[in-house]
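Chemist: my questions are about this predicted structure, shown below with the sequence.
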Amino acid sequence: MREGVRVDARGVVDCRVRHRADGPGRQHGPPRRLYGKTRCCLLEIIREALERAGGGLESVIRTRLMLRDISPWKEAARAHGEIFGAIRPACTFVEVSGLIGDDWLIEVEADGVVA
């Protein structure tokens with residue numbers, strides 16, 4: 001969502017199932033581990049939303065990662081660091097008691113500024 005120069009990506013969870021055109025019936029589902037899910041949320045879903053609003057990952061000033069189970073937080077932190085290491089937005093990791101989908105491991109929010 002864009003309002004003025006502010007862009008917000010809220011409630012981003014796991015990847016969408018992707019259908020490939022290179023063969024009949026071939027599908028690639030969402031990653032099953034927290035590292036892959038985090039990269040998917042950040043690189044695919046949030047990046048696409050920011051680009052539609054005229055920005056990119058470099059526009060992000062703050063992220064929030066909500067984990068259903070905080071114990072593997074280092075997997076999410078590694079993915080976040082690979083993507084935002086040079087950008088260095090403010091970042092918060094929190095454990096939540098649950099997410100709507102039984103198989104959801106993470107929900108990500110990102111705030112950005114686009115000139």
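Modeler: Thanks, I have the structure now. Predicted, not measured: the structure shown is a model, and the values here were computed from it.
Chemist: which regions of this protein sit below the pLDDT cut-off?
Modeler: Residue ranges of the chain with pLDDT under 70: 1, 14-32.
Chemist: now the most centrally placed residue in it, nearest residue through space, not along the chain?
Modeler: Against the mean C-alpha coordinate of the chain, by C-alpha atoms, centre = their mean, the closest residue is residue 41 at 2.5 Å. Leaving aside its sequence neighbours, residue 41 sits nearest to residue 108 (C-beta to C-beta, 6 or more residues apart in numbering; 4.3 Å). Backbone N, C-alpha and C define where each C-beta goes, glycine included.
Chemist: now the terminal residues of stretch 34-47, how far apart.
Modeler: End-to-end distance for stretch 34-47, by C-alpha to C-alpha, to the nearest Å: 18 Å.
Chemist: could you do stretch 91-107 as well?
Modeler: This stretch, stretch 91-107, spans 13 Å end to end (C-alpha to C-alpha).
Chemist: other residues contacting stretch 62-73?
Modeler: With contacts defined as C-beta atoms under 8 Å, 6 or more residues apart in numbering, stretch 62-73 is touched by 34, 38, 42, 76, 80, 84, 89-96, 98-99, 104-111.
Chemist: strands - which of these land there?
Modeler: With DSSP state E as the criterion, strands contain 90-95, 106-111 from among the contacts of stretch 62-73.
Chemist: between all of these, which two are separated the most?
Modeler: Greatest spacing in those, by C-beta to C-beta: 95 and 111 (20.7 Å).
Chemist: which one's more surrounded, the two?
Modeler: More neighbours surround residue 111 than the other of residue 95 and residue 111, with 17 against 11 (other C-beta atoms under 10 Å).
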